[in-house]
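Colleague: Take a look and give me a structure for this.
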Amino acid sequence: MQKENTPFLEIRNLTYQYSDGTKALIGIDLDIQQGEKLAVIGPNGSGKSTLFLCLNGVLKAKHGSILLQGQPLSYDRKGLIETRKKIGIVFQDPETQLFCINVFQEVAFGPANLGLKKEALQHCVEQTLAKMNLTALQDRPPHFLSGGQKKQVSIASVVAMNPELMIFDEPTAALDAENMRQ
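Modeller: Coordinates of the predicted model:
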């Protein structure tokens with residue numbers, strides 16, 4: 001349980017270096033409050049995507065700490081599942097996120113892995129597809145969709161999990177003006 005006035009997410013002195021020696025993050029400090037909207041802006045290669053992957057537990061920082069609701073991120077299987085229930089990430093490139101046989105299964109994947117069962121899962125996916133204007137594409141294989149449609153499906157797959165924090169890496173890339181507004 002989160003204590004009053006405790007940030008939802010606390011990042012302290014976060015440092016990440018890739019195996020080739022590239023220093024992507026050096027001493028990052030950041031607090032994110034519940035309900036806050038935040039834009040992380042910087043040039044290509046400045047570490048934005050690396051930061052996002054650290055916040056979701058995909059990457060583990062070399063130094064520093066990440067506290068989620070006052071508790072350190074845990075990198076064991078159970079800890080990562082709990083983190084990903086609370087923090088959803090839409091990757092910059094939807095190709096790295098989409099792998100199911102059709103759009104319906106893609107949107108269902110996350111909620112199913114979080115334990116949602118049959119009727120509740122069906123309802124969740126149908127609602128998400130409708131909200132994202134993707135119902136007509138539910139039977140289509142993701143690899144046959146346009147770049148913008150793939151991006152919409154990758155967003156829908158995270159929306160369906162109803163995380164407390166959603167991270168969008170380049171959220172409007174490949175989307176047309178109408179879908180950017182949505």
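
Colleague: Spell out for me which residue occupies the centre of this structure.
Modeller: Most central residue of the chain, judged by C-alpha distance to the mean C-alpha position with Cα atoms, centre = their mean, is Ile89 at 0.7 Å.

Colleague: Please give me every residue in contact with that one.
Modeller: With contacts defined as Cβ atoms under 8 Å, 6 or more residues apart in numbering, the neighbours of Ile89 are 52-53, 55-56, 58, 158, 166-169. Every residue, glycine included, has its C-beta placed from N, CA and C.

Colleague: quick one, strands of the protein?
Modeller: In order along the chain, the chain carries the following strands (DSSP state E): 9-17, 23-32, 63-68, 71-72, 87-90, 165-168.

Colleague: looking at the ones you listed, which is buried most?
Modeller: Ranked by mean neighbour count, those are led by strand 87-90 with a mean of 22 (mean count of other Cβ atoms under 10 Å).

Colleague: mind checking how far that strand is from the chain centre?
Modeller: 1 Å (Cα atoms, centre = their mean, to the nearest Å).

Colleague: Stretch 138-149 now?
Modeller: In terms of Cα atoms, centre = their mean, the gap separating the centre of stretch 138-149 from the centre of its chain is 19 Å.
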